[in-house]
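**Q** attaching a predicted model along with its sequence, questions to come.
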Amino acid sequence: MSRMLEDIRQEPAVLESALRAEVATFRGLCSRFEKERPRFVVLAARGTSDHAAQFGRYLIEVATGIPVSLAAPSVFTLYRAEMDFREVLYVGVSQSGESMDVNACIGRARELGATTIGITNEPTSTLARTAERLVQLHAGSETGVAATKTWVSQLLSMYLLTWSLGADLTLEQIRHIPEWTAAALQLEPEIAERAQRYAFAEKALVVGRGFNYANALEFAHKLMEVCYVVAESFSSADFLHGPIALAERGVPAFAFAPPGPTWPGIRDTLARLETAGSSPLVITDERNAEARARRSVIALASVDGQDPSLPVDALTAIPYAVPAQLLAAHIAEHKGLDPDQPRMLAKVAQTI
């Protein structure tokens, strides 16, 4: 069994640990933001962490109304721009805490007046020392090169950060996430069997939207990283503006299809994919009966427990990530590849 699969199976425990350990940190942030609510949030990250930041952007904007931007690190590192960051919350997200450009952004943003937070798995890292506040992922040692349990812990940190910013989101709702994640892991035998179908895939398409757009980005990333599949990821809306031309028989397609406002667009995209000869695999849950009725589907147990003030898909991101991670790990094994040692990759990539 690969270390990647071992890491994935640890995710419910990791989420429980992070919740226990970091609630006090976010309570402190609640108190601060009640007194000094940021007028703007900037999220700086690279790679998988940038996908977590993309999710954070959707969640914070939808749930709090505070505008969010994803940082372009070269604005600081290459162009040396001067910015006004007063009343701005600037968050660096890095599993290792050693991404040079993210750390440079955090340091410069702090100098320019921002409140800074570092989200990392390494409490002694450069990011932890550079940011004003530290949020730990508590994922333990991640032995595989591909980020898995650190990814879901980063998503959890975005839920907690959004809560601390005054969202209509309760800790009780967030505390359901580990049990939903554990339930998703129970589907591994089915997912491992489905993965055989993609053993000879060389290309793939992945679509999602809203809170699961980040999962589409991350799943495509994993397919490229450990399966050597040329995978393209799209918002289902962007997909119809040209990239749909990539769809054809023999090119696998995957779609994240929760109930709620994104489903009509995803449904239309699935119809277009099928017209092109594809048979897309749909990841959904029990609440979306229309999606569950499709020919090729992975259906999780109901991901519910929220109040009506939140969109019905707001809490799906972490449970929906699990089938995608398992698919990537098992596809790699069916291809005869070692997902723990992808070629030309190291655990920490240094860019500036």
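**A** Nice, I can see it.
**Q** which residues of the stretch 101-250 of the chain fall in helices?
**A** For the stretch 101-250 of the chain, applying DSSP state H, counting those that start in this stretch gives helices covering 126-130, 149-164, 171-174, 177-185, 188-195, 213-227, 236-239.
**Q** columns mean pLDDT, mean neighbour count and distance to Arg287 on top of those, output as JSON lines?
**A** For the C-beta atoms, the positions are set from N, CA and C on the backbone; glycine is no exception. Below are those laid out as JSON lines (pLDDT from 0 to 100; neighbours: other CB atoms under 10 Å; distance: least, CB to CB, whole Å):
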{"stretch": "helix 126-130", "mean pLDDT": "98", "mean neighbour count": "21", "distance to Arg287": "38"}
{"stretch": "helix 149-164", "mean pLDDT": "98", "mean neighbour count": "26", "distance to Arg287": "19"}
{"stretch": "helix 171-174", "mean pLDDT": "94", "mean neighbour count": "16", "distance to Arg287": "15"}
{"stretch": "helix 177-185", "mean pLDDT": "98", "mean neighbour count": "21", "distance to Arg287": "12"}
{"stretch": "helix 188-195", "mean pLDDT": "98", "mean neighbour count": "16", "distance to Arg287": "19"}
{"stretch": "helix 213-227", "mean pLDDT": "97", "mean neighbour count": "26", "distance to Arg287": "17"}
{"stretch": "helix 236-239", "mean pLDDT": "84", "mean neighbour count": "21", "distance to Arg287": "19"}
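**Q** excluding chain neighbours, what is closest to the most centrally placed residue in the chain?
**A** By CA atoms, centre = their mean, the chain has its centre lying nearest to Ala52, at 4.0 Å. Nearest residue to Ala52, sequence neighbours excluded (CB to CB, 6 or more residues apart in numbering): Gln154, at 3.8 Å.
**Q** buried ones in stretch 18-25?
**A** In terms of neighbour count (16 or more other CB atoms under 10 Å), stretch 18-25 has its buried residues at 18-19, 22-23, 25.
**Q** actually, stretch 295-310.
**A** By 16+ other CB under 10 Å, the buried positions in stretch 295-310 come out as 297-300, 303, 306, 310.
**Q** export these to a markdown table and tack on distance to Arg9 and secondary structure?
**A** What follows is the buried residues of stretch 295-310, written out as a markdown table (distance: CB to CB, whole Å; DSSP: H, G, I helix; E, B strand; the rest coil):
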| residue | distance to Arg9 | secondary structure |
| --- | --- | --- |
| Val297 | 23 | strand |
| Ile298 | 17 | strand |
| Ala299 | 20 | strand |
| Leu300 | 16 | strand |
| Val303 | 19 | coil |
| Gln306 | 26 | coil |
| Leu310 | 29 | coil |
